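1. Provide a 3D model corresponding to the input given below.
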Amino acid sequence: MRRIFVVICSLLALLVSAALEAKGNADKGKARAVTKAGNQEPCASCHGADGAKPVAPENPILAGQYSDYIVKALSDYKSGKRKSAVMNGVAAELSKQDIEDLAAWFSSQKSSLHFQR
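-> Okay, the predicted model is just below:
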């Protein structure tokens, strides 16, 4: 009985981890991050080319952040739940897929934020 419980828990853990994986396309996210779109400056102008070297200390490091964190932050900026004069305008132009793509790109970059897996 205990073995069955362990197997079921293991399968559930695999399913949950698969669901938490980035849903976006990192290549499309990279293109969106470094290419000027409309009147918006690309992410790189404030956060650095790969999100690892912000141009100012108040700009966060995006490289290596968890994708779900980036999705949540950008979604909150888009909805106005999170306030930033710059980011509210930038996020307003992003689709849900753009947000997923950006999250996939930045979360896949090397960073000094934490140990790289």
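
2. and the contacts of stretch 91-102?
-> 22-26, 28-29, 32-33, 37-38, 40, 43, 67, 70-71, 74-75, 77-78 (Cβ atoms under 8 Å, 6 or more residues apart in numbering). C-beta coordinates here come from the backbone N, C-alpha and C atoms, glycine included.

3. go with 10 Å
-> 22-33, 37-40, 43, 51, 62, 67, 70-80, 82, 84 (Cβ atoms under 10 Å, 6 or more residues apart in numbering).

4. among those residues, which are in strands?
-> Assignment to strands by DSSP state E places none of the contacts of stretch 91-102 there.

5. pull out the buried members of those.
-> If you count burial by 16 or more other Cβ atoms under 10 Å, the buried members of the contacts of stretch 91-102 come out as 22-24, 26, 28-30, 32-33, 40, 43, 51, 62, 67, 70-71, 73-78.

6. for the chain, what spans make up the helices?
-> 2-20, 26-34, 44-47, 67-79, 85-92, 96-107 (DSSP state H).

7. please identify the buried residues of the third one?
-> Think helix 44-47. 44, 46-47.

8. tabulate the residues you listed (JSON lines), appending distance to Ala104 and pLDDT.
-> Shown next, in JSON lines, are the buried residues of helix 44-47 (distance: Cβ to Cβ, whole Å; pLDDT from 0 to 100):
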{"residue": "Ala44", "distance to Ala104": "16", "pLDDT": "87"}
{"residue": "Cys46", "distance to Ala104": "19", "pLDDT": "92"}
{"residue": "His47", "distance to Ala104": "15", "pLDDT": "92"}
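
9. adding distance to Lys96, write those out as a markdown table.
-> Converted to a markdown table, the buried residues of helix 44-47 look like this (distance: Cβ to Cβ, whole Å):
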| residue | distance to Lys96 |
| --- | --- |
| Ala44 | 22 |
| Cys46 | 22 |
| His47 | 21 |
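
10. follow-up on the earlier one: can I get the helices of the chain in TSV including distance to Val55?
-> Formatted as TSV, these follow (distance: least, Cβ to Cβ, whole Å):
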stretch	distance to Val55
helix 2-20	31
helix 26-34	14
helix 44-47	6
helix 67-79	18
helix 85-92	12
helix 96-107	16
